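Enquirer: Model the following, please.
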Amino acid sequence: MVKYLRLAILVAVFPTSLLAQRPKPAAVLSPPDTVYFDQDWDRTEVPEDRKFVRVARHTPEGKPSGTVRDYFFPSWKKQFEGKLLSESPDVPQGLCTGWYEDGKLNFRGTYVSGQQQPDFRQWHEDGREIKCAFAYQDALALSKAKLHSYYNDGSSRKVFTVDLPINTVGIVYKLDIRDDGEPPVSWATGLALVAAISNPALGATALLSAGSSALTKQNTSPAPATSTKCHWYITDDLEAAKEFMDTKGSISRPEVCYKISRNITQETREIKIKEATHRLFFCVNNNNSTTAATATLSVSALVQACE
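Expert: So this is what the prediction gives:
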């Protein structure tokens, strides 16, 4: 009886400490998902179409968690290993590695939000390292457009259509918008961009920044004396560009735009372009009610060539 009484007193006096010493239950990890893909990396449930398989854990929201591993099927030889921020399309993050089916390295390097970093390296199937070089090309040479005022005949809007070369990774653009009566502008981009790419060992991000800086420094056109009232968009979405022309200068989906600007009369800037983007639209609108304006634009594309 005394033994049980002592135990009761201890529990009554130290209940919190006893509970605090209890080990926490281990986190319950969901089992990894196994998903099969066909030769085009589309999901498939048809056994004879299976060419790849992915094993990955996912959060309750469906995003990949931890290391994602892809395999060739049915050999189950490793094809990819790394982390993904999201899927469909895959957005790799951190150090990632890929292999050919014979086990040789395909690529290895670091990604930040899906963008390859300077340490990225890739090899052919025969083991030769793939070497890449960058060059600037004119995507849109110096082009001008008259933007009429609201109360005058003619359109106050202009969409500059820019066709990008194959393997474009980014652009550097110069845009100038000024009211009638301001001194005209003109510039050349070729020599400045040749100097900007003098160090090809730099990655795309650094080369784009160097190109933008070079064009800013070589600008000899004076800034407009009067701040032109305007707004403009950069998008790769054709429907957004059509909406801009049909709605007197507005785009209702900002998520499809690379850039939205208002009341900026001169700008030189670089932009990284999403993979497989072949065309951009620069949509410029004159907001002056009585004064016409002139928009001048040039676009240079940073193109990557690998062999």
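
Enquirer: ok, which stretches of the stretch 1-150 of the chain are helices?
Expert: Counting by DSSP state H, counting those that start in this stretch, one finds helices in the stretch 1-150 of the chain at the ranges 2-13, 15-20.

Enquirer: cool, and the stretch 151-300 of the chain?
Expert: Assigned helices in the stretch 151-300 of the chain, in chain order: 190-196, 204-217, 238-246 (criterion: DSSP H, counting those that start in this stretch).

Enquirer: Among the ones you listed, which comes closest to Ile171?
Expert: Of all these, it is helix 204-217 that lies closest to Ile171, at 7.9 Å by Cβ to Cβ. Every residue, glycine included, has its C-beta placed from N, CA and C.

Enquirer: now for the closest one, which elements pack on it?
Expert: With contacts defined as 3 or more Cβ pairs under 8 Å, 6 or more residues apart in numbering; DSSP states H and E, the packing partners of helix 204-217 are strand 132-147, strand 168-179, helix 190-196, strand 266-272, strand 293-306.

Enquirer: Can you list the neighbours in contact with it?
Expert: The contact list for helix 204-217 (Cβ atoms under 8 Å, 6 or more residues apart in numbering) reads 115-116, 118, 134, 136, 169-172, 174, 187, 189, 192-193, 195-197, 199, 202, 268-272, 300, 302, 304.

Enquirer: what's the answer for stretch 88-95, then?
Expert: By Cβ under 8 Å, 6+ apart, the residues outside stretch 88-95 that reach it are Gly82, Lys83, Leu84, Leu85, Arg108, Gly109, Thr110, Tyr111, Val112, Ser113, Gly114.

Enquirer: same question for that stretch, mean pLDDT?
Expert: Computed over stretch 88-95, the mean pLDDT rounds to 93.

Enquirer: in it, what counts as buried?
Expert: Asp90, Pro92, Gln93 (16 or more other Cβ atoms under 10 Å).

Enquirer: Determine which stretch of the helices of the stretch 151-300 of the chain is the most buried.
Expert: Ranked by average neighbour count under the criterion mean count of other Cβ atoms under 10 Å, the helices of the stretch 151-300 of the chain are headed by helix 204-217 at a mean of 19.

Enquirer: relative to strand 132-147, how tilted is it?
Expert: Per axes from the mean of the first three to the mean of the last three Cα atoms, to 10 degrees, the angle that helix 204-217 makes with strand 132-147 is 40 degrees.

Enquirer: That concludes my questions; thank you for your assistance.
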